[in-house]
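Enquirer: A structural model of the following input is requested.
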Amino acid sequence: MKKNLLRSAGYIPGIFCLFILTMLFSPDVSGQARILTVSGKVTDDLDAPVPGASVRIAGTQLGALTDENGKYSISVNPADTLEFSYVGYKTMRFAVKNRVDLNVKLEAAAGGLNEVSVIGYGQQKKISVIGAQSTLNAEELKLPVRDIASTLGGRIAGMITTSRGGGPGQDNSGFLVRGVSTFGTSVRTPLIIIDGVPDRSLNDVDPEDIQTFTVLKDAVSTAVYGTRGANGVIIINTKKGVAGKPSVKVELNQGVTQFVQVPEILDAPTWMTLYNEALTTRGRQALYTDERIDLHRTGADKDLYPNVNWYDEIFRKSGMTQRANINISGGSDKATYYISAGYYNETGLIKNDPEQTGYDSKSYYRRYNFTANIGVNVTNTTKVDLNISSIIDRRNGPWNGDGSNASNNLFAQVLRVPPHIIPGRYSNGAYAMYPGGFSSPSRIAYDVGSGNDYSATIRPNLRLKQDLDMFTKGLSISGLFAFDIYTDGTTATTKNSAAEYATGRDADGNLITQITRDAPGTLGFFSARSSTRRMYSEASLNYGRTFGKHEVGGLVLFNQSEYVDGNAANFTSAVPFRNRGLTGRATYGYDNRYYVEANFGYTGSENFSPDNRFGFFPSAGVGYVVSNEKFYAVLKDIMPYFKLRYSYGLTGNGGFSTRFLYLTQLSKTAATGYQFGIPSSLSPAYSGYAESQIATDPTWETSYRHNLGVEMGFFNNDLKIVTELFREMRKGILRADQTIPGISGFGGVNPTRNIGIVLNKGVDVTLTYRRTLSEEKWVNVTGTFTYNRNTNLEDGLPPQRYPWMEWKGKEVDAKTLYIAEGLFQNQAEIDRHAVQSGDTRIGDIKYKDLNEDGIIDANDIARIDVSGTPKMMYGLNLSFGYKGFDIGAFVQGTGKVYLSYGMGDGTRPFNSGPISSALMSMVADRWTEDNPNPNAFYPRLNTEQDPNSNYLNSTWWLKPSDFIRLKSAEIGYTLSQSLVKRWGIKNLRMFINGTNLFTISKWKYWDPELNDTGTSSTNYTRGESYPNIKAYNFGVRVTF
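Expert: Numbers count the residues shown, from 1 in each chain. As a prediction, the model looks like this:
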């Protein structure tokens, strides 16, 4: 299949070669001694004419100015070079050669008010933007990472990100825009749009190819996306070619990786000693003698008396990464191009077995990216853009046995197996497995086979834009069509491997073993594949024009999309997912001071009933540039830029895991079923759908959003501060209506209705300071801060028995826990307290009897107003340059986040007796009779023989997991041009950098960025998933 995938992508290099040959080797007749008249049009980033722009022959004072339509005409020699300039824009130079038509698009100077900002379905000048949006440019996205999702938190105000770990090629990053505003049954993540096409994967883009990364956060920015805009929108535009000589850029990176943090686990002697303590502190006899413990400590016989640190046994200390990218860009006034090819290779940190035969279980990930963006000016009024990208990747590793790669499962196994029961492998070569219990993690890593996951994506899109100035200036139409194909699969070599357990040695010292898994060791094969395809199209009518001091703009756009799951498992998922919408926008600006904008999105989905299929989502906003008023002149020296803006509007969320909610499923049972047609032995019962009699009205969630923005500039606008206050009321959230009693006949499955309400409000702030101190010195500082607080106002639950159980009024992801009041200090305290289950002694956890009935039970569980999602995220990005040197660092932090240490493998001591799981080292801080510390981390120990209430989910185990992390740092040096130009090089920069370098946190148990409730793809908790990665890189970037 992989060959077919590669073959299907084969036309891409053909386009690449053909275009490069056309662009690079078109004839160039050198200037001759004759005079030419060159004419054309100068426009800005929005394709609007730039009147009064300077067109000058380089090295002379001869030139011309563009007229009110941006047009010019000038007499030149073919050997001349023309310079185009205008206040607030970069100066651009073009060799004349033999051209008589030369249209130029000026680029706004970075940070200037003429700089163009990305908005929904278009662009606007920064000064006129009313919506809340933040943008990172290409330079800010040059990060030494496999993907950029996990690095965004703290870089963009309003973004909340978490990196939940993941092996090579397995990304478990999560990101939210302005936090959580809905319940977990609905989609919470933002809509992602890449090159104008929605629903493309963020991690399929090579960071080197990204030109701008923009986050839209308020209603006036996202209402145009209708039912898909409530959770925010991320817009990524990849790089395009710029008219001029070909520019070739090459970047190479070589890196070393390590785990950010893994839990520290106890060795065998310590584990056994603590097990004895757990027995004796409860009045029982110790199990392990001192002699037995010493045998494990000395390691004289590792087969019978192992002392295994499973992390050291399975994982190496470091891995390797390689990144490479080469791109070429350039063009003329007729056509531009950007062609890029990227490669990424990451070696996992799972050790290899040199004796392994028949398959390769090495852990690695390889990815190949290709991007081609071609723009052609077919005529002076017609432009065609063709974007093609292709991603092919492959991930290899040990086989999990359940149709997936075992990288994550290995970390769970490490914590499930104690250090003293079995070794990784016996001296006779056999892998170990405890009778009727756990297997050696070494066997899972090396002796059950290997899995290879692969995928291929091809994403072409074609855009056509036609200016209609012949009808009225500023009018244009545009069309876009995209067709994405995604195919993935798994092939695995499986091994039915045997295992043994050693019980002793015979008189000759030979190991005595019993077979605990009888298997022939034969190899097998597993294969699975799936595919999806997605089509998207849009057509728009655009208008933008300036009349003196008046700026008018408008947009009407129609779009539709279709998603087909080629591997659907049932008839509901086999039905294509379709969306359709109509969007409109009207903008008005007066004298660069007053701005008004109104938008609407009229969108729908066939996932809803015919009567509720479409929704209307309007928004409006106003902006006021106070600093452009005459009366403000006295304040210009203090704060040269001051802008206020406000927006309000509606957006929707139609993303749900269940399809066709307006239909109630009629399911076949083992005894009887609903028959369609005439039932017979050849026509069995089938599941079907019929319209519900109660839940006939489910529709999308609706977000009512306010946003107040304040923009200020100081010190000649070198320092800028943007503050956003937001308030969102999310209504109509789909929830199962639990107020309907069980006697209604729904069999415990209550109908889903639009009854949930969540309030979310907060603030985000961006501070930037950029200044060139001299020709050799510059400094850049960017700081961001985001805070949000959500509250559940309605959840569809009936009133709770006790007020402390109520979810309403608390966070959406609030935890349910017993309330711990400390440790029992004496027997009298135990006697006076409510009865707790099991063996309760001094040093055990004391729980609060909330209902005062004298018993600690489920009635004493409270809803605690904390969650594992950060409510606060901040970042500080610093960079400084002196001569050829540059230094940069990015610090990321989170606040108001709590994790539960949890009770499970690695954290709960001795719940399965002497074969209990490994233990993390925090158990050293415990209550003992010799040291009755009331503030100890662990209470008095116990085993399964004396169960008690210590390990209930309670506030005792709830800990703050805020952290501050040096997310990245880089030192670079750019060689002087006088040195490198002799080699035909324009620019050469060498650098070293690193990611996830240092962390400060009160949470010491595992990486605080990992959660306590598993990842998006597993149920592993308590640090059992593949950790986040720390990386050190050396690289070189060359421009020819």
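Enquirer: Quick check: pLDDT value at residue 749.
Expert: Residue 749 carries a pLDDT value of 59.
Enquirer: Against residue 654, how distant is the most centrally placed residue in the chain?
Expert: For the chain, the residue nearest the mean C-alpha position is residue 149 (3.5 Å; C-alpha atoms, centre = their mean). Per C-beta to C-beta, to the nearest Å, residue 149 is found 23 Å from residue 654. No exception for glycine: its C-beta is placed from N, CA and C like everyone else's.
Enquirer: again with residue 723
Expert: Separation of residue 723 from residue 654 (C-beta to C-beta) stands at 31 Å.
Enquirer: Of those two, which one has the most company?
Expert: residue 654 (21 against 16; other C-beta atoms under 10 Å).
Enquirer: Looking at strand pairing, list the partners for residue 265.
Expert: Beta-bridge pairing of residue 265 under DSSP bridges involves residue 920.
Enquirer: Next: residue 1035.
Expert: Going by DSSP bridges, residue 1035 forms beta bridges with residue 253, residue 991.
Enquirer: measure it to residue 926 for me?
Expert: Distance, residue 1035 to residue 926, by C-beta to C-beta: 47 Å.
Enquirer: swap in residue 871?
Expert: The spacing between residue 871 and residue 926, counted by C-beta to C-beta, is 32 Å.
Enquirer: before we move on, what about residue 330?
Expert: Residue 330 sits 67 Å away from residue 926, going by C-beta to C-beta.
Enquirer: now residue 631
Expert: Counting by C-beta to C-beta, the separation of residue 631 from residue 926 is 69 Å.
Enquirer: residue boundaries of the strands in the stretch 151-300 of the chain?
Expert: All strands of the stretch 151-300 of the chain, identified by DSSP state E, counting those that start in this stretch, fall at 159-163, 173-177, 191-194, 197-198, 210-216, 233-238, 244-259.
Enquirer: helices and strands around the fourth one, which ones?
Expert: When you say that, I think you mean strand 197-198. If contacts are counted by 3 or more C-beta pairs under 8 Å, 6 or more residues apart in numbering; DSSP states H and E, strand 197-198 sits against strand 475-495.
Enquirer: What strands line up against the strand or helix carrying residue 322, and which way round?
Expert: In this assignment (DSSP states H and E), residue 322 forms part of strand 319-331. Here strand 319-331 is paired, per DSSP bridges, with strand 244-259 (antiparallel), strand 335-347 (antiparallel).
Enquirer: which residue sits closest to residue 518 in space, ignoring its chain neighbours?
Expert: residue 498 (6.2 Å; C-beta to C-beta, 6 or more residues apart in numbering).
Enquirer: contacting residues around the one you found?
Expert: Residue 498 makes contacts with 430, 431, 515, 517, 518, 519, 520, 521, as judged by C-beta atoms under 8 Å, 6 or more residues apart in numbering.
Enquirer: Quick check: buried residues in the strand or helix carrying the third one?
Expert: This means residue 515. Using DSSP H and E, residue 515 sits in strand 511-517. Residues of strand 511-517 classed as buried: 511, 513, 516 (neighbour count, 16 or more other C-beta atoms under 10 Å).
Enquirer: looking only at pLDDT, what's the mean for it?
Expert: Rounded mean pLDDT across strand 511-517 is 93.
Enquirer: Quick one: list the elements packing against the following helix or strand past it.
Expert: Going down the chain from strand 511-517, the next helix or strand is strand 523-547, by DSSP H and E. Here strand 523-547 is seen to pack against strand 449-467, strand 475-495, strand 550-565 when contacts are counted using 3+ C-beta pairs under 8 Å, 6+ apart.
Enquirer: do you know which of those strands lies nearest residue 132?
Expert: Proximity to residue 132 (C-beta to C-beta) singles out strand 550-565 among the helices and strands packed on strand 523-547, at 18.9 Å.
Enquirer: ok, and for the closest one, which residues are buried?
Expert: Here strand 550-565 shows 551, 553, 554, 555, 557, 559, 561 as buried, counting by 16+ other C-beta under 10 Å.
Enquirer: Between the strands of the stretch 151-300 of the chain, which one is closest to residue 834.
Expert: Evaluated over those, closeness to residue 834 peaks at strand 159-163, with 37.8 Å, by C-beta to C-beta.
Enquirer: and the angle from the closest one to strand 210-216?
Expert: 110 degrees (axes from the mean of the first three to the mean of the last three C-alpha atoms, to 10 degrees).
Enquirer: Strand 159-163: partners in the sheet, and parallel or antiparallel?
Expert: As assigned by DSSP bridges, strand 159-163 forms pairs with strand 173-177 (antiparallel).
Enquirer: Can you show me the CA trace of the partner strand as CSV?
Expert: Extracted C-alpha coordinates of strand 173-177, given in CSV (Å, rounded to 0.1, in the frame of the first residue of the first chain):
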residue,chain,number,x,y,z
SER,A,173,-0.8,18.1,22.9
GLY,A,174,-4.0,20.0,23.7
PHE,A,175,-4.8,23.6,23.1
LEU,A,176,-7.7,25.9,24.0
VAL,A,177,-8.6,29.4,23.1
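Enquirer: just the angle between it and strand 233-238, please?
Expert: Strand 173-177 and strand 233-238 are oriented at 120 degrees to each other (the same axes, to 10 degrees).
Enquirer: Give me the contact list for strand 173-177.
Expert: Outside strand 173-177, the residues that touch it by C-beta under 8 Å, 6+ apart are 147, 149-150, 152-153, 158-164, 166, 188-190, 215, 217, 231-234, 869, 1016.
Enquirer: follow-up on the earlier one: how about the strand holding residue 322: buried residues?
Expert: 319, 321, 323, 324, 325, 326, 327, 328, 329, 330, 331.
Enquirer: Just name the closest of the buried residues of strand 550-565 to residue 797, please.
Expert: Nearest to residue 797 among the buried residues of strand 550-565, with distances taken as C-beta to C-beta, is residue 561, at 35.2 Å.
Enquirer: What distance do you get for the closest one to residue 222?
Expert: Using C-beta to C-beta, we find residue 561 at a distance of 17 Å from residue 222.
Enquirer: got the helices and strands packed on strand 523-547 as JSON lines, with distance to residue 863 columns?
Expert: Output for those, formatted as JSON lines (distance: least, C-beta to C-beta, whole Å):
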{"stretch": "strand 449-467", "distance to residue 863": "40"}
{"stretch": "strand 475-495", "distance to residue 863": "40"}
{"stretch": "strand 550-565", "distance to residue 863": "37"}
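Enquirer: now the helices for the chain?
Expert: Here the chain has its helices, by DSSP state H, at 2-8, 11-24, 219-222, 268-280, 290-298, 310-314, 407-416, 441-446, 571-574, 827-832, 977-980.
Enquirer: which one of these lies closest to residue 766?
Expert: Within these, the stretch nearest residue 766 is helix 219-222; the backing value is 15.3 Å (C-beta to C-beta).
Enquirer: Could you list every helix and strand that that closest one packs against?
Expert: Using 3+ C-beta pairs under 8 Å, 6+ apart: helix 219-222 touches strand 614-625, strand 641-653, strand 701-714.
Enquirer: Restrict it to CA atoms and write it as PDB.
Expert: Taking Å, rounded to 0.1, in the frame of the first residue of the first chain, the C-alpha atoms of helix 219-222 are listed here in PDB:
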ATOM      1  CA  ALA A 219     -17.200  37.100  18.200                       C
ATOM      2  CA  VAL A 220     -16.500  39.800  15.600                       C
ATOM      3  CA  SER A 221     -13.500  37.700  14.500                       C
ATOM      4  CA  THR A 222     -15.200  34.300  14.500                       C
END
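Enquirer: residues making contact with that helix?
Expert: 119-120, 130-133, 216, 229-230, 232-233, 597, 599, 619-621, 647-651, 703, 705, 707.
Enquirer: any low-confidence regions in the stretch 1-150 of the chain?
Expert: Residues of the stretch 1-150 of the chain that meet the criterion pLDDT under 70 lie in 1-33, 87-88, 110-114, 144-146.
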